[in-house]
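Trainee: from the sequence below, what's the structure:
(one chain, ligands or ions: 1)
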Amino acid sequence: YTIDADNLKAHIQPNMYGIFFEDINLAADGGVYAELVKNRSFEFDSHLAGWAQHEKNGGRGSVEVIDRRAERPENAHTIKVNVTSNTGFFGLSNEGFRGMGIKKGEVYTFTVTTRKPAGNAVKLLVELHDAKGAIIGKGQVRPTSADWQKYSVKFTATATDSKASLYVWLQGKGSVDMDMVSLFPQHTWKNRPGGLRADLVQKLADMKPGFLRFPGGCIVEGRDLQNRYQWKKSIGDIDQRENIINRWNTEFSERLTPDYYQTFGLGFMEYFMTAEDIGASPLPILNCGMACQFNTGQLVPLNELDPYVQDALDLIEFANGGPETQWGALRARLGHPKPFNLKMMGVGNEQWGEQYIQRWKIFTKAIKDKYPYIKIISSVGPYAEGEEFNRLDKFFRSNNADILDEHYYKAPKWFLANAARYDNYDRNGPRIFAGEYAAHSTLTTDALKKNNWESALAEAAFMTGLERNADIVIMASYAPLFAHVDGWQWAPDLIWYDNLRAYSTPSYYVQQLFSLNKGTDAVPLLKDGLAVSGKDGAYATASVDKNTRELIIKFVNVTDTAKSLTFNISSGATFQKTASVITLGNYAKDAVNSLDKPKNISPVNSTMAISGKVLNTTIEPNTFKIIRLKML
Ligand code: AHR
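Mentor: Okay, here's the model as predicted:
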């Protein structure tokens, strides 16, 4: 093998490897959004879904759902709890999202918005119960106002349970109106009240992602236009963010009962702030006037597209505008005076055909006229079987599109066969964003075992091809990102969790290793004068990091035998005699990580010696190896 370390062939974008986020598999509500109460504002179609009624010590009562649509269309339902007995307790419990994850010693904040008739001295007793019914935390709230008012109480949990539930007992005859019943752990990401699960965001931060794409995925489109993602409804007070049914509700899986809604507690402000927290460029994708073409395929007539286009223009102003602008001022009022430095935006997700082209033209003109610096990510839709590149490529090429969003969910063998996909790609047109991809193993039908080593290794092999072609493939993200082990509809996924724990899949480590070891410029790594992209089961790329002055070799051996290799390096520099090595591999193809064995497959660091500019090494079977050589 030869490496021409001084021949900087392709600049690698600093933000090349990023994150695709979508609220699928209980990723937001029930996942990274740390709210523990399901259906907190009674907006599910079945208004008491997730809630049960209880009577204790002779207490009696009832619950009425109140429709206040005329007054508050965006939060149209509340409940009236009537206690009809003088003694005992009447109460409601909430089951959480497949239970509630409660940790011993953690402080929880219960909040509720209530009003009650004057003179009615009612008391709310709040309890956390473990799965067996034992009380593992409690507090109380005394509503005092006849007008809607928010009350809260903090208390510490005395035990850990992943399937706990919340009880709210009322004592004393009378009635109370309630809305926005909420329970959050105090310890969230950056300890923001009403924030995100810290362990899950930490996993994202640990990838040092270059960008964060949000909010999807198909939920951008919605099954129908009524249920599309509308960013303006996802900001501001949480009780004013209109809940909608999640596009993935019950989809594909009997595990998901019809209870998957979007509360938008994780909304656009939180997405932008999280991206900023973890050093990622924000990449919002917006609806382009088309509902999911795999679903209803509803279309907005071209002469009614203005509000959709305006949403895109307003979003750019929201992200980047100064205090003198309407939307920039709103961002400042919401707590972020500094702009978010938005540079790119997706128009439509997985859309195709003439209908997309018509809408794409209108969006592109409006965005580029006002904000010429914004790069537009265009959907090329899914590929028909046997189709190598999408039919829209031609249109986008002749219309100077910036970046094309390609998606590939394929068997591992497709990834191995396509590692050279971009080697001879036309350099004179749009750049490529490998926006959603994952190898779907055919070794198993068990969803939690699909994230096996076979898939991760194939992704690593494929990614050597992306990096070698970093001049044309400028961004890449695995998808989907998150999945709850008790409530998912799509597998494999990058990170799995229950209500208390989480684990990174082998694919996560592949993504992380590429992100942390990308370098600044790809340089030629050849065998017999050719790129190393599959012959004899070998896949490789090399890059130089101009900042740290290192040569980085990535090698993937997908065979069952070890490979003894010699790399002859040509470079004006000399190299430190000890190189650092990261090895992920030599696992059985069906090996996986799990909640109980989260590090079964994880990178191992070591060192190796190099003599002059010749590197002799062995790459173990089924292994992805990274070697970093320091230039002197
Ligand atoms: O990642 C899951 C889904 O796959 C996304 O929502 C969609 O864009 C693609 O079809």
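Trainee: got a list of what residue 92 touches?
Mentor: Contacts for residue 92 (Cβ atoms under 8 Å, 6 or more residues apart in numbering) come out as 51, 52, 53, 54, 63, 81, 167, 168. For glycine as for every other residue, the C-beta is placed from the backbone atoms N, C-alpha and C.
Trainee: partners of it in the sheet?
Mentor: Beta-bridge pairing for residue 92 (DSSP bridges): residue 53, residue 168.
Trainee: just want the most central residue of the protein.
Mentor: Geometric centre of the chain, nearest residue: residue 21, 2.3 Å, by Cα atoms, centre = their mean.
Trainee: of the contacts of residue 92, grab the buried ones for ChimeraX.
Mentor: Buried residues within the contacts of residue 92, by 16 or more other Cβ atoms under 10 Å, are selected in ChimeraX with:
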select :51,63,81,167,168
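Trainee: spell out which parts of the stretch 151-300 of the chain neighbour the ligand.
Mentor: 216, 217, 218 (Cβ under 6 Å from any ligand atom).
Trainee: export those residues to a markdown table and tack on neighbour count, secondary structure and pLDDT?
Mentor: Shown next, in a markdown table, are those (neighbours: other Cβ atoms under 10 Å; DSSP: H, G, I helix; E, B strand; the rest coil; pLDDT from 0 to 100):
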| residue | neighbour count | secondary structure | pLDDT |
| --- | --- | --- | --- |
| 216 | 26 | coil | 95 |
| 217 | 27 | coil | 95 |
| 218 | 20 | helix | 95 |
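Trainee: which SS state does residue 13 fall under?
Mentor: With DSSP: H, G, I helix; E, B strand; the rest coil as the basis, residue 13 sits in coil.
Trainee: excluding chain neighbours, what is closest to it?
Mentor: Of all residues not flanking residue 13 in the chain, residue 474 sits nearest, at 4.9 Å (Cβ to Cβ, 6 or more residues apart in numbering).
Trainee: so what's the closest residue to the ligand within the stretch 501-632 of the chain up against?
Mentor: The ligand sits closest to residue 507 of the stretch 501-632 of the chain, with a gap of 13.3 Å, by Cβ to the nearest ligand atom. For residue 507, the contacting residues are 438, 439, 451, 455, 456, 459, 478, 492, 494, by Cβ under 8 Å, 6+ apart.
Trainee: doesn't residue 474 belong to a helix?
Mentor: No: checked against three-state DSSP, residue 474 lies outside a helix; its state is strand.
Trainee: which residues sit against stretch 121-141?
Mentor: For stretch 121-141, the external contacting residues (Cβ under 8 Å, 6+ apart) are 83, 89, 91, 93, 99-100, 102, 104, 108, 110, 112, 114, 116, 142-143, 151-159, 161, 163-172, 174-176.
Trainee: ugh, wrong one, I meant stretch 309-326
Mentor: For stretch 309-326, the surrounding residues in contact (Cβ under 8 Å, 6+ apart) are 230-232, 235, 268, 272, 282, 284, 286-287, 327-332, 337, 339-342, 345, 347, 362-363, 366-367, 370-371, 374.
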